[in-house]
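# Generate coordinates for the sequence data below:
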Amino acid sequence: VPEILSARAEEVHNGWILRIRWADRSAIFAYSGVFADHLARVAENTVQSVMRPSLPVLPQSRAASA
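Numbering: from 1, shown residues only. Below you'll find the model as predicted:
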């Protein structure tokens, strides 16, 4: 799980897929049927909930003028 970079549910022509990416690899999980969109989105949210959040970008503070 620490290596996972992204998890995205996507609609495709014959159902839904969940694409998980890490390093230089990816895995695709296919969902079909009446609840395909629901199952893909639940899987996406579940994986994203255990992923490490990316570090926030903090604005740089300006040095005080003398």
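
# Relative to residue 12, how far out is the closest residue to residue 15 other than its chain neighbours?
The shortest distance from residue 15 to any non-neighbouring residue, by C-beta to C-beta, 6 or more residues apart in numbering, is to residue 32 (3.8 Å). C-betas here are computed from N, CA, C, even on glycine. The spacing between residue 32 and residue 12, counted by C-beta to C-beta, to the nearest Å, is 10 Å.

# Same question for residue 48.
Look at residue 48 and residue 12: by C-beta to C-beta, they are 20 Å apart.

# Please apply the same query to residue 38.
15 Å.

# Please apply the same query to residue 31.
In this view, residue 31 and residue 12 are 10 Å apart by C-beta to C-beta.

# Looking at those two now, which is surrounded by more residues?
The neighbour comparison of residue 31 against residue 12 (other C-beta atoms under 10 Å) goes to residue 31, with 19 against 13.

# So what sits opposite that one in the bridge?
residue 16 (DSSP bridges).

# Name all residues that make contact with it.
By C-beta atoms under 8 Å, 6 or more residues apart in numbering, residue 31 lies in contact with 15, 16, 17, 18, 37, 39, 40, 43.

# residues in contact with residue 18?
7, 8, 9, 10, 28, 29, 31, 40, 43, 44, 47.

# By neighbour count, which of those wins?
residue 40 (24 neighbours).

# In a helix, that one, correct?
Yes: Residue 40 forms part of a helix when assessed by DSSP: H, G, I helix; E, B strand; the rest coil.

# So which residues of the protein form strands?
In the chain, the segments counted as strands under DSSP state E are 4-12, 15-22, 25-31.

# that older thread, which among the contacts of residue 31 gets closest to residue 57?
The nearest member of these to residue 57, counting by C-beta to C-beta, is residue 18 at 27.5 Å.
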